[in-house]
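In: Below: sequence and its predicted model.
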Amino acid sequence: LKYPAPSAGRERQGRRQPIMGRTNVRVVARARPTSSFASDIFKFNEAADSIDMRLPKDESAGLVNNQQETWHFKLDKVLSNGSQEQIFEICAADVVRSVMDGYNGTILAYGQTGAGKTHTMSGGHMGFADRGIVPRAISAIYSEAAARPENNITIKLSYVEIYNELMFDLLTDVGVAEQSGDLSIVEDSRGNIQVRGLTTPVGGTEEEALHIFFQGDTNRHVAEHALNKGSTRSHVVFTIYVESRSRVESSEKVIFSKLHLVDLAGSERVKKTGSDGVMPKEATFINKSLTFLEQVVVALGNKHRDHIPYRQSKLTHILKDSLGGNCKTTMVANIWPEGKMLEETASTLRFATRMMKVSNEASVNVHLDPQLLIRKYERQIKDLKQELAMHDTLAGRSRVQYEEYAPDEQKELQDKVQMYLEGDLQEIEVTSLRMVYESYAIFRKLYQNLRTELANRPTVPLPPQGGDVEAGDGGQTTTMEAREGEVGEDVEGKGI
């Protein structure tokens, strides 16, 4: 798929630009090379991108035996013997290019223990050609950044481990054993998932970024069991954050994106791995979190489900953007095509087909930097003021005031308004919009003062009702003077 560059005409501050529409998660199946390949059970059809599995019924189970004999799985791509370079080009190259254009991306490896997930993501130790998706993605991102000199690109990195439902920062100076594992997952105002308190160093060069990745990779929890000498006992998420500012266009526009590179711990059965000590407990947490992951995938594939249980585990919560959100996601389903691994392989491929039903809506993340935007507006205001002053000078209005009035200028204008209200001044010449604002402010002030004066003025008492009132000095009494024209009285003041 080819994704177009973001359109400048549809930019909005702090909002994503919906361009791609909804696309399903892409799933690629990769088989681990093995000398015990069960050719009578597994049939790989790379041309049709399908896998067929066949297991004859056990005759000792009796005549009534409803055991399933055949399975057929259709995926986006099937690689039975793909190289590391081929895996990267098919699974990750297009996602990395999309990340540089402002789309979020996720590549995750899923499968049973010992199926080759860590080899797919991190690579092996046989040489430069044995690099995995993560080192190749780092190299591709820095190469893309170098090929875009018109943009100022900043790249940050983070590496988090989920071990027994505890989250650890693999890039901090504090060792994993000394961390409490209480890192929390939060959602910002734009709906992006973030890990609070996570270290995000800046990778200035490709060499620095690779050093940061390999340094964090050495801090992972690893153990040995019967199926894998270097079994990873935790889920890890290595994230690359990309911020891009244009050097030639509007510099306040920031395009930001992130690339999740996820290496999931493998599902395992204790009876096959022969685990002991703390490993059975680790296997319990691993299988539990993968079960929650499958529940989320099943819920996303059901169009009638309103609630998606993202918060059931740390793994599903941190991958909320990647599953059904604003992201372009690819999953590598690692399988082990041997007869004794039939059940695990079938389980992995069933999960892969469910993942193909999950749809995401990827869009470009555009944000306008507030500080840079304020600086731009200040420059524009300054330029407009200079242009307005030039226009006034050419029009012979050199004494026009556009700034806020000083106290002495306000006093002078108030005197003019007072004279205008008293009739001593016939008209006030308006020279600018600022003068109109100041005049209205003075009118409001005079009006409020008048209201206060009227409210504080003493009232005149009313005369008493009926009867005589005492005279002043002579002590004589007199009646109230008749009020002429009052209803109920004749001309002589007598009652009718």
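Out: Here it is on my side, so go on. Residues are numbered from 1 along each chain as shown.
In: out of everything not next to it in sequence, what's closest to residue 283?
Out: Nearest-residue entry for residue 283: residue 268, 5.3 Å, with adjacent residues in sequence omitted and distances by CB to CB, 6 or more residues apart in numbering. All C-beta spots, glycine's among them, are computed from the backbone N, C-alpha and C.
In: my read: that neighbour touches residue 115, true?
Out: No. Contact criterion CB atoms under 8 Å: residue 268 and residue 115 do not qualify, at 10.4 Å.
In: Look up which helix or strand residue 248 falls in, please.
Out: Secondary structure from DSSP states H and E places residue 248 outside every helix and strand.
In: How about stretch 156-176, which residues are buried there?
Out: The neighbour-count criterion (16 or more other CB atoms under 10 Å) identifies 156-164, 166-172, 176 as the buried residues of stretch 156-176.
In: An error on my part: the question was meant for stretch 121-137.
Out: 121-123, 131-137.
In: just to revisit the earlier point, out of the buried residues of stretch 156-176, which are inside strands?
Out: By the criterion of DSSP state E, membership of those in strands covers 156-163, 166-169.
In: before we move on, back to that, as JSON lines, the buried residues of stretch 121-137 with pLDDT and distance to residue 35 would be great.
Out: Shown next, in JSON lines, are those (pLDDT from 0 to 100; distance: CB to CB, whole Å):
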{"residue": "121", "pLDDT": "93", "distance to residue 35": "24"}
{"residue": "122", "pLDDT": "91", "distance to residue 35": "23"}
{"residue": "123", "pLDDT": "89", "distance to residue 35": "22"}
{"residue": "131", "pLDDT": "92", "distance to residue 35": "24"}
{"residue": "132", "pLDDT": "94", "distance to residue 35": "22"}
{"residue": "133", "pLDDT": "95", "distance to residue 35": "25"}
{"residue": "134", "pLDDT": "95", "distance to residue 35": "28"}
{"residue": "135", "pLDDT": "95", "distance to residue 35": "28"}
{"residue": "136", "pLDDT": "95", "distance to residue 35": "27"}
{"residue": "137", "pLDDT": "96", "distance to residue 35": "31"}
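In: Work out which residue lies at the spatial centre of this protein.
Out: Centrality entry for the chain: nearest residue to the mean C-alpha point is residue 192, 2.0 Å, by CA atoms, centre = their mean.
In: so who does that one touch?
Out: Residues in contact with residue 192, defined by CB atoms under 8 Å, 6 or more residues apart in numbering, are residue 321.
In: distance of it from residue 255?
Out: 14 Å (CB to CB, to the nearest Å).
In: Could you give the backbone dihedrals for residue 347?
Out: Torsion angles at residue 347 (phi, psi; degrees, to the nearest 10) stand at phi -60, psi -40.
In: quick one: the strands in the stretch 101-250 of the chain?
Out: Assignment of strands within the stretch 101-250 of the chain using DSSP state E, counting those that start in this stretch yields the ranges 105-111, 151-163, 166-169, 184-187, 193-196, 222-223, 231-232, 235-246.
In: contacting residues around the fifth one?
Out: Contacts to strand 193-196, defined as CB under 8 Å, 6+ apart, come from residues 158, 160, 167, 183-188, 317-318, 320-321.
In: Give me the buried entries from these.
Out: 158, 160, 167, 183, 185, 317-318, 320-321.
In: What is the nearest of those to residue 45?
Out: If you rank the buried ones among the contacts of strand 193-196 by distance to residue 45 using CB to CB, residue 321 comes first, at 33.6 Å.
In: Tell me which residues touch that closest one, please.
Out: Applying CB under 8 Å, 6+ apart, we find residue 321 in contact with 104, 106, 192-193, 260, 327.
In: what about it, distance to residue 239?
Out: 11 Å.
In: do the same with residue 85
Out: 23 Å.
In: who's more crowded, the two?
Out: residue 239 (20 against 13; other CB atoms under 10 Å).
In: in the sheet, who's paired with the more buried one?
Out: residue 158, residue 260 (DSSP bridges).
In: I figured it hits residue 257, correct?
Out: No. Residue 239 sits out of contact with residue 257 when judged by CB under 8 Å, with a separation of 10.7 Å.
In: Where does the prediction get shaky in the stretch 351-496 of the chain?
Out: Under the criterion pLDDT under 70, the flagged ranges of the stretch 351-496 of the chain are 398-401, 462-496.
In: For it, which segments count as strands?
Out: Using DSSP E, counting those that start in this stretch, the strands assigned to the stretch 351-496 of the chain run over residues 359-361, 364-368, 469-470, 477-478.
In: For the stretch 201-350 of the chain, just list every one of the helices.
Out: Taking DSSP state H, counting those that start in this stretch as the test, the helices found in the stretch 201-350 of the chain are 206-217, 270-273, 279-301, 314-318, 342-355.
In: right, and those helices - which one's nearest residue 396?
Out: When those are ranked by distance to residue 396, counting by CB to CB, first place goes to helix 206-217 at 63.1 Å.
In: now the angle between strand 151-163 and the closest one, please.
Out: Here helix 206-217 points in a direction 10 degrees away from that of strand 151-163 (axes from the mean of the first three to the mean of the last three CA atoms, to 10 degrees).
In: Check which residues of helix 206-217 are buried.
Out: Buried residues in helix 206-217, defined by neighbour count with 16+ other CB under 10 Å: 206, 208-210, 212-213, 216-217.
In: what's the answer for stretch 296-313, then?
Out: Within stretch 296-313, the residues that qualify as buried are 296-301, 308, 310, 312-313, counting by 16+ other CB under 10 Å.
In: Alpha carbons of that stretch, as CSV, please.
Out: Listed next in CSV are the C-alpha coordinates belonging to stretch 296-313 (Å, rounded to 0.1, in the frame of the first residue of the first chain):
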residue,chain,number,x,y,z
VAL,A,296,-9.1,-7.8,23.1
VAL,A,297,-8.5,-9.1,19.5
VAL,A,298,-11.7,-11.1,19.6
ALA,A,299,-13.6,-8.1,20.9
LEU,A,300,-12.2,-5.9,18.1
GLY,A,301,-13.2,-8.4,15.5
ASN,A,302,-16.8,-8.5,16.7
LYS,A,303,-18.6,-5.5,15.2
HIS,A,304,-21.4,-5.8,17.8
ARG,A,305,-19.1,-5.3,20.8
ASP,A,306,-19.1,-1.8,22.4
HIS,A,307,-16.6,-2.4,25.2
ILE,A,308,-13.0,-3.4,24.5
PRO,A,309,-11.2,-4.7,27.6
TYR,A,310,-7.9,-2.8,27.1
ARG,A,311,-7.3,-2.3,30.8
GLN,A,312,-7.3,-5.9,31.8
SER,A,313,-3.5,-6.0,31.5
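In: Other residues contacting that stretch?
Out: By CB under 8 Å, 6+ apart, the residues outside stretch 296-313 that reach it are 165, 288-289, 292-293, 295, 316-317, 320, 323-324, 351, 354-355, 357-359.
In: at 7 Å what do you get?
Out: Around stretch 296-313, the neighbours that count as contacts under CB atoms under 7 Å, 6 or more residues apart in numbering are 165, 289, 292, 295, 316-317, 320, 323-324, 354-355, 357-358.
In: From the residues you listed, pick the one nearest residue 386.
Out: Nearest member of the contacts of stretch 296-313 to residue 386, counting by CB to CB, is residue 320, at 50.0 Å.
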